[in-house]
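Build me a model:
(2 chains)
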Amino acid sequence: QVQLQESGPGLVKPSETLSLTCGVSGYSISRGYSWAWIRQPPGKGLEWIGSVYQSGTTYDNPSHKSRVTISVDTSKNQFSLKLTSVTAADTAVYYCARHWKSGGCFDYWGQGMLVTVSS
Amino acid sequence: DIQMTQSPSSVSASVGDRVTITCRASQNISSWLAWYQQKPGTAPKLLINAASSLQSGVPSRFSGSGSGTDFTLSISSLQPEDFASYYCQQANSSPLTFGGGTRVETK
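Below is the predicted model of the structure:
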């Protein structure tokens, strides 16, 4: 059974960098698939942030204007998100997910982690 | 970006009712559409991909249809565990985008 778990600080100050890691168990990242970050502001809808292949190739949502870095560490079976220059608008539940590229959808999700941007 | 518009934004229904949710894409996405169910405080769960392909383990009362720009998710006989929010997502082109969601509430 594929399982994903987000970890990282739950509180980040404005203008600083949000850093999250997603640990994957039950499946080796190096076998394939893409791995994604998705967020959901409180009471709002879902937004895809970006995805990374096991090779390290990334593709992301241009709406974040190059603030996003997604990387993968196959030796630790995890992938990470960095979002720079955060503001209150970046407050959200952040989910990591397995991105089934051939189907274009997200078939396994982490439980989600609330990250609040506040001084 | 492809805009995904869901309607209605909320629907009140009773157990046993048939519920239909619509998702419209701002341009042709062929059958590159997925549906998710989300209950409060939990992650979304993939129900359907490729517009009509039911994920393993998803009850057969759920069905999806459509292609091009217009899609529907139907629940043939609403069960107590189906009260939740539902989201569509286009997978045709980057950036991947979601609809605004439909909340299925108790009448």
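
Quick one, grab the pLDDT at the residue in chain B that chain A sits nearest to.
Closest contact between chain B and chain A, by CB to the nearest CB, is at residue B:91 (2.2 Å). Yep, even glycine has a C-beta here, placed from its N, CA and C like the rest. According to the prediction, residue B:91 has pLDDT 94.

ok, now the one 5 residues further on?
Reported pLDDT at residue B:96 in the predicted model: 96.

what do you get for residue A:103?
pLDDT recorded at residue A:103 is 76.

tally of neighbours for it?
Around residue A:103 sit 16 other residues, with neighbours defined as other CB atoms under 10 Å in any protein chain shown.

now swap in residue A:10 and tell me
Neighbour tally, residue A:10, other CB under 10 Å: 10.

pretty sure it contacts residue A:113?
Yes: taking contacts as CB atoms under 8 Å, residue A:10 lies within contact range of residue A:113: 6.8 Å.

So which residue is dead centre in the chain?
Just so you know, I chose chain A. residue A:37 (2.7 Å; CA atoms, centre = their mean).

ah, no, chain B please
Computing the C-alpha centroid of chain B and ranking residues by CA atoms, centre = their mean puts residue B:35 first, at 4.0 Å.

in the chain, which spans are strands?
Just going to use chain A. Assignment of strands within chain A using DSSP state E yields the ranges A:3-7, A:11-12, A:18-25, A:34-40, A:47-53, A:58-60, A:68-73, A:78-83, A:92-100, A:105-109, A:113-117.

hm, I was asking about chain B
Listed from the start of the chain, chain B has strands (DSSP E) covering B:4-7, B:10-13, B:19-25, B:33-38, B:45-49, B:53-54, B:62-67, B:70-75, B:85-90, B:97-98, B:102-106.

what would those strands look like in CSV with distance to residue A:77?
What follows is the strands of chain B, written out as CSV (distance: least, CB to CB, whole Å):
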stretch, distance to residue A:77
strand B:4-7, 32
strand B:10-13, 40
strand B:19-25, 34
strand B:33-38, 25
strand B:45-49, 22
strand B:53-54, 28
strand B:62-67, 32
strand B:70-75, 34
strand B:85-90, 26
strand B:97-98, 27
strand B:102-106, 35
